[in-house]
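Visitor: Fold the following.
(one chain, ligands or ions: 1)
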Amino acid sequence: MLKIWGRENSSNVQKVLWCCEELDLPYDRVDAGMAFGVTTEPDYLAMNPNGLIPTIEDDGLVLWESNAILRYLASKHQALYPSELRARADVDRWLDWQISRLGPAVLPAFFQLIRNAPEKRDVQAVEQSAQATAQLMTILDRQLADRPFVCGDALTIADIPNGVMAHRWKSLDIERPALAHVDAWYERLSERPAYQQYVLRPLS
Ligand SMILES: N[C@@H](CCC(=O)N[C@@H](CS)C(=O)NCC(=O)O)C(=O)O
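Guide: Numbering: from 1, shown residues only. Now for the predicted structure:
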């Protein structure tokens, strides 16, 4: 059976858990990371030398990097990831955009407001993060203006990492521009049981 290492409050683990639920895949999950430890143990580092989560093992294949895991699971189960070249490139673009742009923009505010003690909070870092994220969310808003999901009429793996980031952005006590298409998409995701189960939870 598919095995997943990673704590449930990690955004990168949530991506994988949400994807498994959409694909109706059974799995065993092992708590790992932060207070759970595990990631510094030699056996774990032999699987994932980064000492980060998530890591999966599936039929002897060990894989890390959350968006690579999404691509693998969706390809293996032939769902959520179009096979047509251009449609697939579009999904890839939004996956890479999340990992290279949206994630790095929103995470400083998350770490300052959720993981840092109030007396250690860097207010300027929160402000910069809020501004950078607002700009990027405006790009996503334009993309969602004429389609219900990031890459068209149906949910794909492009919605998953961006949807996880959207919940972080919506939950943080920061200024946000009004973005009607992002809001409608967030509402649409919020109707999905898998999003409710793994993503729509208080940040920690
Ligand atoms: N690019 C990696 C980043 C992995 C990552 O930074 N994971 C964080 C959790 S979201 C982590 O392992 N933090 C240390 C820990 O939990 O101990 C991915 O997408 O999987």
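
Visitor: ok, now how distant is the spatially most central residue of the chain from residue 140?
Guide: Residue closest to the average C-alpha location in the chain (CA atoms, centre = their mean): residue 161, at 3.1 Å. From residue 161 across to residue 140, the span is 12 Å (CB to CB, to the nearest Å). Every C-beta, even on glycine, is put in place using the N, C-alpha and C of the backbone.

Visitor: For the helix or strand where residue 96 lies, list the C-alpha coordinates in CSV.
Guide: Following DSSP states H and E, one finds residue 96 within helix 85-97. Taking Å, rounded to 0.1, in the frame of the first residue of the first chain, the C-alpha atoms of helix 85-97 are listed here in CSV:
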residue,chain,number,x,y,z
LEU,A,85,0.5,17.8,-24.5
ARG,A,86,-0.7,21.4,-24.3
ALA,A,87,-3.2,20.8,-21.6
ARG,A,88,-0.6,19.0,-19.5
ALA,A,89,1.9,21.8,-20.1
ASP,A,90,-0.7,24.3,-18.7
VAL,A,91,-1.1,22.2,-15.6
ASP,A,92,2.7,21.9,-15.2
ARG,A,93,3.0,25.7,-15.5
TRP,A,94,0.6,26.3,-12.6
LEU,A,95,2.2,23.6,-10.5
ASP,A,96,5.6,25.2,-11.0
TRP,A,97,4.2,28.7,-10.4
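
Visitor: Give me the contacts around the next helix or strand after it.
Guide: Toward the C-terminus, helix 85-97 is succeeded by helix 103-110 as the next helix or strand (DSSP H and E). The contact list for helix 103-110 (CB atoms under 8 Å, 6 or more residues apart in numbering) reads 11, 125-126, 128-130, 132-133, 135-136, 161, 165, 168-169, 172, 174, 203.

Visitor: average model confidence for helix 103-110?
Guide: Confidence for helix 103-110, expressed as mean pLDDT, is 98.

Visitor: next SSE after that helix?
Guide: From helix 103-110, the next helix or strand downstream (DSSP H and E) is helix 123-143.

Visitor: which strands and helices sit next to that next one?
Guide: helix 103-110, helix 159-171, helix 180-190 (3 or more CB pairs under 8 Å, 6 or more residues apart in numbering; DSSP states H and E).

Visitor: can you rerun that using 10 Å?
Guide: Counting contacts by 3 or more CB pairs under 10 Å, 6 or more residues apart in numbering; DSSP states H and E, helix 123-143 is packed against helix 85-97, helix 103-110, helix 159-171, helix 180-190.
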